[in-house]
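A.B. asks: Show me how the following folds:
(one chain, ligands or ions: 2)
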Amino acid sequence: MSLGDIFPLVNPILTKLNIQEQDSQHNLRTNQKKSQKNGLMIKKTFAKFCSFAGQMFLFKKSVNFVWMKRLSTDTTSPILMKNNTDNWIQLAGHPEIFAPASSVTVWKRRLAKDSNEYETYLRLQNDKMHSLVPQFYQQIEYNGQYFIEIENLLKHFHDPNIMDIKLGTRTFLESEVKNQTLRTDLYNKMILIDPNAPNTEERKQKALTKLRYMQFREQQSSSAQLGFRIDAIRMSGEFPNSNLQKIQNKDQIYSVLKSFLNSHKEVSHALCQRLKEMCKLFESSIFFKTHEFIGSSLLIIYDEFGQSGIWLIDFSKTFAVPDHIQINHRSKWQLGNYEDGFLTGMDNLIKIWNEVADSILH
Ligand SMILES: Nc1ncnc2c1ncn2[C@@H]1O[C@H](COP(=O)(O)OP(=O)(O)O)[C@@H](O)[C@H]1O
Ligand SMILES: [Mg+2]
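C.D. replies: Ligands and ions are numbered 1, 2, ... in the order given. Next comes the predicted model:
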């Protein structure tokens, strides 16, 4: 039985997780069932299990049990993240919102009150874009918190090279423009990137608005100029690197892409082809025509076995534009026109990627 059989693909009714009734073939549910039944016994005999050669399988199950207990008490995931590193690497984004649920799926916790990302995944099921995004399984309520369960894209790869590229010339919502709240955390983030960036007023207040910070980040990076920025990279066998805030111009992007692709000529061309296909599908999608995409990323993955793929992720800021507005994702943004520069980013990325792929000789 496949995962698709276990989880209905589109389940518009919010599923309240009832662990005892879940299908025992799904790892997560299996572990939970076992832990409910055997609870403490598993913990007590944990050391015993580990002492037997070839018992790593059981070790893994105990580790998942620890996570489920932890999740049920305070819903933070550091224990989980520590113990499931074999199948999960997070490059960018908010810390502690992902929970690898099984060897092939992850749970992503909803941050805002609305269920925007869930609704986007639902709508994308019936759109041309559905093959460009992780497979969506269900939304789950667990101890008062909401998660979406989606395909873990890393399941296709072994110790992969991964790149997160944030698309768009605009990285904030139109609604965020009006938010005048002064934030100290964003001031601190700004001075970490450039101590000279705050103006006199901001220095006095030691705080700034989200809009000011987001525009600063766009200018610092290649977002404003090229419509995309490299948010983070992970090379095979290494830790992720998200210290790329100042990669700004085409030459710098070229060098980073070249070292990411690391002489893999075939993979480079395959990924370039995928980017072009994705662009065509975006252009022909009804959903794409009618929504602004803010903060979505291309997750680009390949491994040393020649497997490669690109998906679009992160729809927490994907919103329908008002009925009377038409966007083409390439025009310059002005307040009220909802343009996001998403396709400007795709166009520029494809151009540079092509050059890099062509420059790889063997
Ligand atoms: N479906 C997925 N499969 C594998 N990795 C993922 C998946 N979704 C997200 N990630 C990882 O998590 C990171 C952050 O994801 P994202 O959805 O952008 O979170 P946030 O909403 O916090 O920005 C990505 O850079 C990637 O490394
Ligand atoms: Mg993100």
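A.B. asks: Please count neighbours and contacts with C-alpha atoms only from this point.
C.D. replies: Fine.
A.B. asks: Now stretch 121-137: buried residues?
C.D. replies: Within stretch 121-137, the residues scored as buried using 16 or more other Cα atoms under 10 Å are 121-122, 124-125, 128-130, 132-137.
A.B. asks: correction: stretch 95-115
C.D. replies: Result for stretch 95-115 [16+ other Cα under 10 Å]: buried residues 96-110.
A.B. asks: Likewise for stretch 235-243?
C.D. replies: Using 16+ other Cα under 10 Å as the test for burial, stretch 235-243 gives 235-236, 240, 242.
A.B. asks: can you list the domain ranges for the protein.
C.D. replies: Split into domains by automatic domain parsing, the chain comes to 3-155, 161-175+221-359.
A.B. asks: picking that back up, among the buried residues of stretch 95-115, which are in helices?
C.D. replies: Among the buried residues of stretch 95-115, DSSP state H puts none in helices.
A.B. asks: Residues of the stretch 251-362 of the chain that sit close to ligand 1?
C.D. replies: 313-314 (Cα under 6 Å from any ligand atom).
A.B. asks: can you map out the helices along the stretch 251-362 of the chain?
C.D. replies: Remark: helices assigned in the stretch 251-362 of the chain by DSSP state H, counting those that start in this stretch are 265-284, 286-289, 342-359.
A.B. asks: now the strands for this structure?
C.D. replies: Per DSSP state E, the chain has strands spanning 15-16, 98-100, 105-109, 136-142, 145-151, 161-167, 228-234, 291-293, 297-302, 308-313, 318-320. These are given in chain order.
A.B. asks: Contact partners for Gly168?
C.D. replies: 223, 227-228, 293-295, 340-345 (Cα atoms under 8 Å, 6 or more residues apart in numbering).
A.B. asks: again, but for Arg274
C.D. replies: Shown in contact with Arg274 (Cα under 8 Å, 6+ apart): 309-310.
A.B. asks: if I look at it, how far off is Val256?
C.D. replies: 19 Å (Cα to Cα, to the nearest Å).
A.B. asks: Ser115 now?
C.D. replies: Going from Ser115 to Val256 by Cα to Cα gives 35 Å.
A.B. asks: Could you single out the most deeply buried of the domains of the chain?
C.D. replies: Most buried of the domains of the chain, by mean neighbour count (mean count of other Cα atoms under 10 Å): domain 161-175+221-359, with a mean of 19.
A.B. asks: pLDDT weak spots in the protein?
C.D. replies: Residues of the chain meeting the criterion pLDDT under 70: 1-86, 112-113, 362.
A.B. asks: can I assume Val104 is in contact with Glu151?
C.D. replies: Yes - with contact defined as Cα atoms under 8 Å, Val104 and Glu151 form a contacting pair (6.1 Å).
A.B. asks: hang on, the earlier thing: relative to ligand 1, which of the contacts of Gly168 is nearest.
C.D. replies: Nearest to ligand 1 out of the contacts of Gly168 is Gly295 (Cα to the nearest ligand atom; 7.3 Å).
A.B. asks: so who does that closest one touch?
C.D. replies: Contact analysis of Gly295 by Cα under 8 Å, 6+ apart lists 166-168, 171-172, 314-317.
A.B. asks: And it, how far from Asp340?
C.D. replies: Relative to Asp340, Gly295 is positioned 10 Å away (Cα to Cα).
A.B. asks: which residues are in contact with both of those two?
C.D. replies: Common neighbours of Gly295 and Asp340 are listed as 168, 171 (criterion: Cα under 8 Å, 6+ apart).
A.B. asks: my read: Ser222 touches Gln252, true?
C.D. replies: No - applying Cα under 8 Å, one finds Ser222 not in contact with Gln252, separated by 9.5 Å.
A.B. asks: Which single residue of the stretch 251-362 of the chain ends up nearest ligand 1?
C.D. replies: Relative to ligand 1, the nearest point of the stretch 251-362 of the chain is Asp314 (3.9 Å; Cα to the nearest ligand atom).
A.B. asks: Tell me which residues touch that residue, please.
C.D. replies: By Cα under 8 Å, 6+ apart, Asp314 lies in contact with 117, 295-297.
A.B. asks: For ligand 1, see how far away Val106 is.
C.D. replies: Remark: distance between Val106 and ligand 1 (Cα to the nearest ligand atom, to the nearest Å) = 7 Å.
A.B. asks: which non-adjacent residue is nearest that residue?
C.D. replies: Pro100 (4.1 Å; Cα to Cα, 6 or more residues apart in numbering).
A.B. asks: The one you found reaches Arg109, doesn't it?
C.D. replies: No - Pro100 is beyond contact range of Arg109, at 11.2 Å (criterion: Cα under 8 Å).
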